[in-house]
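Student: need coordinates for the following:
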Amino acid sequence: LALAMIPVMAYPVLRKHDEIPALGYVVFRGALEGVYYMAIVVSWLLLLPLSQVYQAGSPDASNLQVLANVLLEAKEIAVFGMIVFGLGGLMFYYLLFQSKLVPQWLSGWGFIALIMNFVAGLSVMFGFFGPTSTISDVLQIPIGLQEMVLAVWLIVKGFNPPAGASE
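Tutor: Numbering: from 1, shown residues only. Sure thing, here's the model as predicted:
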């Protein structure tokens with residue numbers, strides 16, 4: 001929920017520069033990504049009652065094993081998350097780049113790193129490699145680093161004042 005609230009809290013600042021991508025950022029990184037994380041948590045939580053029924057020796061134990069494997073191996077959920085994260089992030093970094101609220105090298109880095117994230121997501125979706133493969137992980141390292149650098153930047157320096165704003 002904390003991750004879903006970041007776009008909501010940034011919306012008043014971002015909408016002053018371009019309202020449509022700011023709203024898209026809230027929808028993708030706030031709502032859809034929040035639903036994605038909740039779906040993952042629910043699927044993990046369903047494993048507990050499934051394991052209890054399985055251990056009790058239910059006659060449908062083989063079906064339960066299949067269902068548990070589906071919950072654990074839902075690669076489509078991971079791809080959905082990567083694509084939703086990427087679309088929301090592209091809107092966010094576009095806004096940051098256009099508005100110059102942070103240095104353009106920082107927002108440009110985010111934009112390029114998200115393209116690499118998309119390549120990883122699409123490669124997983126089309127079966128070139130798995131979501132937890134080394135190639136996928138390497139393609140996602142730049143956006144992980146960039147998001148941490150951006151977070152530290154915003155905590156330490158905040159947004160740049162808009163051009164023409166008085167001191």
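Student: hey, let's count contacts and neighbours off CA atoms from now on
Tutor: OK.
Student: which secondary structure element is home to Ile135?
Tutor: helix 134-156 (DSSP states H and E).
Student: next, the buried residues of that helix.
Tutor: Across helix 134-156, burial judged by 16 or more other Cα atoms under 10 Å covers Ser136, Leu139, Gln140, Pro142, Ile143, Gln146, Glu147, Leu150.
Student: got it, and stretch 72-90?
Tutor: Across stretch 72-90, burial judged by 16+ other Cα under 10 Å covers 75, 78-90.
Student: next: stretch 12-26.
Tutor: Result for stretch 12-26 [16+ other Cα under 10 Å]: buried residues Leu14, His17, Pro21, Ala22, Leu23, Gly24, Tyr25, Val26.
Student: which neighbouring elements make contact with the longest helix along the chain?
Tutor: Identified as the longest helix of the chain according to DSSP state H is helix 75-99. With contacts defined as 3 or more Cα pairs under 8 Å, 6 or more residues apart in numbering; DSSP states H and E, helix 75-99 has these neighbours: helix 19-25, helix 33-55, helix 104-125.
Student: would you turn those into CSV with mean pLDDT and distance to Ala2?
Tutor: Shown next, in CSV, are the helices and strands packed on helix 75-99 (pLDDT from 0 to 100; distance: least, Cα to Cα, whole Å):
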stretch, mean pLDDT, distance to Ala2
helix 19-25, 94, 15
helix 33-55, 81, 9
helix 104-125, 91, 21
